[in-house]
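Asks: below is the sequence, then the predicted model.
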Amino acid sequence: MSQAKLNSAQLGGALLNGAYLKDADLRGADLTGTFLNEANLTGADLTGAQLSGATLKVANLAAADASSAVLVGADLSGADLTGTNLAGAQLNGANLKGARMLGAILSGANPFVAEMDGTTLLDPSGRWPTPSWLTVGKASICAAPTCAISI
């Protein structure tokens, strides 16, 4: 379903494991509790989508736009969030263990407490302006061209 038009769709609790939703339009969709393990959401538009409690283990969300999305309690462990726009997203209680977040945009994301062991982060500008609310655990905070700090 590449480039599928599913904006404002009601898909709460759906089993979409392994779904191919590359460049899909999911703006404002209700994906509460949806299972999207190993799904391909590369370049998808998830602006304002409701993903509370969704399971996206090892999903590919590279270059997706999840700005203002609600990801409260979502499981994104092992997910690829490279270049993903999470500006203004709500990430309270999200599981980001092992997620790849190189170049992810977190500006304006609400203060969150998330599981982030093994997560790799990089500020697109090549520096990491660590927000006071970010607790990293055993994540790697990288600065171009190599990882500078492992916490």
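Replies: The structure has been received and is ready for your questions.

Asks: distance between the ends of stretch 73-88?
Replies: Between the opening and closing residues of stretch 73-88 lies a distance of 16 Å (Cα to Cα, to the nearest Å).

Asks: try stretch 28-47
Replies: Terminal residues of stretch 28-47 lie 6 Å apart, using Cα to Cα.

Asks: what of stretch 21-36?
Replies: Stretch 21-36 has an end-to-end distance of 10 Å (criterion: Cα to Cα).

Asks: can you list contacts of it?
Replies: 1-17, 19, 39-56, 59 (Cβ atoms under 8 Å, 6 or more residues apart in numbering). For glycine as for every other residue, the C-beta is placed from the backbone atoms N, C-alpha and C.

Asks: got any ranges where the protein has weak pLDDT?
Replies: 1-2, 110-151 (pLDDT under 70).

Asks: what segments of it are strands?
Replies: Taking DSSP state E as the criterion, the chain carries its strands at 100-102, 120-122, 140-143, 146-150.

Asks: ok, the closest residue in space to residue 100 that isn't next to it in sequence - contacts?
Replies: Spatially, and ignoring its direct neighbours in sequence, residue 100 is nearest to residue 80 (4.9 Å; Cβ to Cβ, 6 or more residues apart in numbering). Going by Cβ under 8 Å, 6+ apart, residue 80 touches 59, 60, 61, 62, 99, 100.

Asks: out of those residues, which are inside helices?
Replies: Judged by DSSP state H, these include no members of helices.

Asks: can you tell me which residues contact the nearest residue to residue 106 once chain neighbours are set aside?
Replies: Among residues not flanking residue 106 along the chain, residue 86 sits closest, at 5.4 Å (Cβ to Cβ, 6+ apart). Counting by Cβ under 8 Å, 6+ apart, residue 86 makes contact with 66, 67, 69, 71, 104, 105, 106, 109.
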